[in-house]
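> below is the sequence, then the predicted model.
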Amino acid sequence: MITLALDIVTTAAILFIVSAGLLIVFGVMKIINFAHASFITVGAYAALVTSRLGLPAVLAPALAFLAGGLIGAAAERVVVRRLYGRPLDAILATWGLSIVIGQLVTLGFGREVQFVPAPISGTVMILGEDYSGYRLLMVAAAIVIAALFTGLLNGTRLGLSTRAVIMNETLAQGLGIDSTRVRLITFGIGCGLAAIAGALITPLASVDPNMGLSWLIGAFMLVMISGGSLLTLGLSCFVLGGLQVLASTFISPILGGLTIAVLAAVALRLRPEGFARA
């Protein structure tokens, strides 16, 4: 039972890490970044490059954030900026962007499956049970990301401007806030967080040009039911991630893989606006 409980907690942490970047873009821009999967892939290959160059593994998330943030900012400037207020067009455009990035990654690294070693190996003894040290590290990483996310929104000028744009963009512009700049930086940060997620989960999975796609639907559904709230996202990851683990363990891994999508769809049917105000 200890192992099962740890699986639930670490799975929730991984889902939170993967979804956080999508949440910040949705919260400010009210669009779903369907290129999120490709930025996860960018982060994974950043970790692969870091490993191949023999650099310290701790640099992988930083390199991933830099690469994802710069590519994301360029994408916002060239593609996304023209689609504010047109969410369906934005979905199609970001999906097309995802395809382009995936093809560029394939040209640069090939289609073969590759692997990145975990920066820490072995297990940790918890209440008499051995458990993966790296999966436990994901819990710490999720806490750090949540703390930095909260600090950014509540303790910086950018965060103040971002919250003003979220609440009333027209009023924020009247107060002298450059909402265009806020959106550019926010989209870049969101893409950078997606890339960090890719770098962090890479040692738990293989690396290939399509690796991010398997995470996209789950992240999308979790962000939708969170209603744009970071706290609700964390709770959603814990509840639905826990149910996914239970279904995979006691019923079938195939059904477990469908758990988040199915339950989130039911939840959205009951409360289309999400549960942030529940």
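Everything's here; your move. Only a predicted model underlies this, so the values are computations on that prediction, with no experimental measurement involved.
> when you work out contacts or count neighbours from here on, use the C-alpha atoms and nothing else.
OK.
> quick one, helices of this protein?
For the chain, the helices defined by DSSP state H occupy 2-29, 36-52, 59-78, 87-109, 133-155, 157-167, 169-174, 179-201, 213-226, 230-250, 253-270.
> which parts of the longest one are buried?
Just to be clear, that refers to helix 2-29. 6-29 (16 or more other C-alpha atoms under 10 Å).
> ok, now the second one?
Applying a neighbour-count criterion of 16+ other C-alpha under 10 Å, the buried positions in helix 36-52 are 36-51.
> try the shortest one
Along helix 169-174, the positions that meet the burial threshold by neighbour count (16+ other C-alpha under 10 Å) are 169, 172.
> next: the fifth one.
When burial is assessed from 16+ other C-alpha under 10 Å, helix 133-155 yields the following buried residues: 133, 134, 135, 136, 138, 139, 141, 142, 145, 146, 149.
> ditto for the fourth one
Burial within helix 87-109, assessed by neighbour count using 16+ other C-alpha under 10 Å, is assigned to 90, 91, 93, 94, 95, 97, 98, 99, 101, 102, 103, 105.
> quick one: pLDDT of the closest residue in space to the last one that isn't next to it in sequence?
What that stands for is residue 105. The shortest distance from residue 105 to any non-neighbouring residue, by C-alpha to C-alpha, 6 or more residues apart in numbering, is to residue 209 (6.2 Å). At residue 209, the model reports a pLDDT of 90.
> residue 209: neighbouring residues, count only.
Using other C-alpha atoms under 10 Å, residue 209 has 27 neighbouring residues.
> on that earlier part again, looking at the helices of the chain, which is nearest to residue 116?
helix 36-52 (5.8 Å; C-alpha to C-alpha).
> show me what that closest one is packed up against.
Packing contacts for helix 36-52, counted by 3 or more C-alpha pairs under 8 Å, 6 or more residues apart in numbering; DSSP states H and E, involve helix 2-29, helix 59-78, helix 87-109, helix 179-201, helix 213-226.
> ok, which of those helices comes nearest residue 158?
Here helix 179-201 is closest among those (C-alpha to C-alpha), at 7.2 Å.
> angle of that closest one against helix 59-78?
Using axes from the mean of the first three to the mean of the last three C-alpha atoms, to 10 degrees, the direction of helix 179-201 lies 150 degrees away from that of helix 59-78.
> what are the buried residues along helix 179-201?
179, 182-201.
> just checking, residue 98 touches residue 38?
Yes - between residue 98 and residue 38 there is a contact at 5.2 Å, judged by C-alpha atoms under 8 Å.
> any common contacting residues for the two?
Residues touching both residue 98 and residue 38 by C-alpha atoms under 8 Å, 6 or more residues apart in numbering: none at all.
> roughly how far apart are residue 207 and residue 193?
According to C-alpha to C-alpha, to the nearest Å, residue 207 and residue 193 sit 18 Å apart.
> then residue 148?
Plainly put, residue 148 is 11 Å away from residue 193 if you go by C-alpha to C-alpha.
> do the same with residue 172
Separation of residue 172 from residue 193 (C-alpha to C-alpha): 25 Å.
> now residue 211
For residue 211 relative to residue 193 (C-alpha to C-alpha), the value is 16 Å.
> with residue 33 instead?
The value you get for residue 33 to residue 193, if C-alpha to C-alpha is used, is 13 Å.
> what does residue 177 give?
For residue 177, the distance to residue 193 equals 24 Å [C-alpha to C-alpha].
> same thing with residue 150?
14 Å.
> same thing with residue 128?
For residue 128 relative to residue 193 (C-alpha to C-alpha), the value is 35 Å.
> ok, residue 176 next?
To residue 193, residue 176 is 28 Å away according to C-alpha to C-alpha.
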